[in-house]
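Asker: Have a look at this fold, sequence not included:
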Ligand SMILES: C[S@@+](CC[C@H](N)C(=O)[O-])C[C@H]1O[C@@H](n2cnc3c(N)ncnc32)[C@H](O)[C@@H]1O
């Protein structure tokens, strides 16, 4: 077994190959770097959502979790505190803010999140595009219930939670959408499922759809999935930020793959 875990090796490679905005010659990507990646969100912009995160971090309720994710004992139930899920599963504030800026910049009408967890990032997405409809899918019923509590507390009207396996729910949800403008794929981090969800979403995607994949270098399988996504004939521009991979289909762009330190 290698001494250094896969994600650490991948991160060291990312640091060696990652560029900065001076390496970006595409005006489209440069504008995105300036307006999304380099921009800072005002400190209290999402204070209410962060207060909800804080409450979850102190929530000692024990729930029975069904883990559908990669490498899990699929379908088996085990006990976890809400606080431990809040500590480990949710996108941290800095990343959630970046997602919110990306949503704000791309102004989508329909947003899809695969992997609701406790709903904190969903709230960021929904708050940054108040007129968009946000569909989010979560496999674990107990986790989905806590997310629903958070949506109710926040009083958001534009979130549509769906509980069920992505394998079962994604097609059902996509069938209700005219077009898909923004997709955040943050669950089931394994090669074949990731590629299959991407393919399913492509059916409703258009020239300006933005895809963002989480944990693209989490494992060899996810690295392979990311390589396949970059090579997909419909994909023109990708931006590898290590934690996230952003994908564009814009036909007017020259085919280019950026690796940026963020
Ligand atoms: C990393 S968490 C999502 C975190 C959330 N997007 C956030 O940032 O707040 C991934 C979630 O996806 C769910 N999940 C993983 N694989 C799934 C599958 N095949 N079907 C349904 N849900 C799945 C897990 O139960 C978990 O709650």
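Answerer: Thanks, I have it. Since the model is a prediction, treat every value here as computed from it, not as a measurement.
Asker: Could you chop this structure up by domain?
Answerer: 6-45+90-259, 54-84 (automatic domain parsing).
Asker: May I see these organised as CSV, with mean neighbour count added?
Answerer: The way it works is simple: take the backbone N, C-alpha and C, and place the C-beta from them, glycine included. Listed next are the domains of the chain as CSV, based on neighbours: other Cβ atoms under 10 Å:
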stretch, mean neighbour count
domain 6-45+90-259, 18
domain 54-84, 14
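Asker: Pick out the shakiest of those, pLDDT-wise.
Answerer: Per-stretch mean pLDDT for the domains of the chain is lowest at domain 54-84 (a mean of 83).
Asker: rewinding a little: if we compare the domains of the chain, which one ends up closest to the ligand?
Answerer: Closest to the ligand of the domains of the chain, according to Cβ to the nearest ligand atom: domain 6-45+90-259, at 2.6 Å.
Asker: just how off-centre is that closest one within its chain?
Answerer: Taking Cα atoms, centre = their mean, to the nearest Å, one finds domain 6-45+90-259 lying 4 Å from the centre of the chain it belongs to.
Asker: In space, not sequence, find me the middle residue of this protein.
Answerer: Residue closest to the mean C-alpha point of the chain, counted by Cα atoms, centre = their mean, is residue 184 at 3.6 Å.
Asker: Tell me which helix or strand that residue sits in.
Answerer: Assessed by DSSP states H and E, residue 184 sits inside strand 182-185.
Asker: Residue 221 too?
Answerer: Using DSSP H and E, residue 221 falls in helix 220-231.
Asker: Parallel or antiparallel, list what pairs with the strand holding residue 184.
Answerer: Note on strand 182-185: by DSSP bridges, its sheet partners are strand 110-114 (parallel), strand 210-214 (parallel).
Asker: Let me have those strands in JSON lines, adding distance to the ligand as columns.
Answerer: Below are these laid out as JSON lines (distance: least, Cβ to the nearest ligand atom, whole Å):
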{"stretch": "strand 110-114", "distance to the ligand": "6"}
{"stretch": "strand 210-214", "distance to the ligand": "7"}
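Asker: could you dump the ones you listed to CSV with distance to residue 190?
Answerer: As requested, those are exported to CSV (distance: least, Cβ to Cβ, whole Å):
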stretch, distance to residue 190
strand 110-114, 13
strand 210-214, 12
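Asker: Strands along the stretch 1-150 of the chain, start to end?
Answerer: Ranges of strands in the stretch 1-150 of the chain, per DSSP state E, counting those that start in this stretch, are 62-66, 77-81, 110-114, 133-138.
Asker: Out of those, which gets nearest to residue 245?
Answerer: Residue 245 sits nearest to strand 110-114 of all the strands of the stretch 1-150 of the chain, at 14.0 Å, using Cβ to Cβ.
Asker: which outside residues touch the closest one?
Answerer: Under the contact criterion Cβ atoms under 8 Å, 6 or more residues apart in numbering, strand 110-114 has outside partners 103, 121-122, 125-126, 129, 132-137, 166, 170, 173-174, 177-188, 197, 201.
Asker: go on, stretch 155-162?
Answerer: 116, 119, 122-123, 126-127, 129-138, 144, 147-148, 151, 169, 172-173.
Asker: In terms of helices and strands, where is residue 157?
Answerer: Going by DSSP H and E, residue 157 is not in any helix or strand.
Asker: returning to what we had before: among the contacts of stretch 155-162, which ones lie close to the ligand?
Answerer: 137, 138 (Cβ under 6 Å from any ligand atom).
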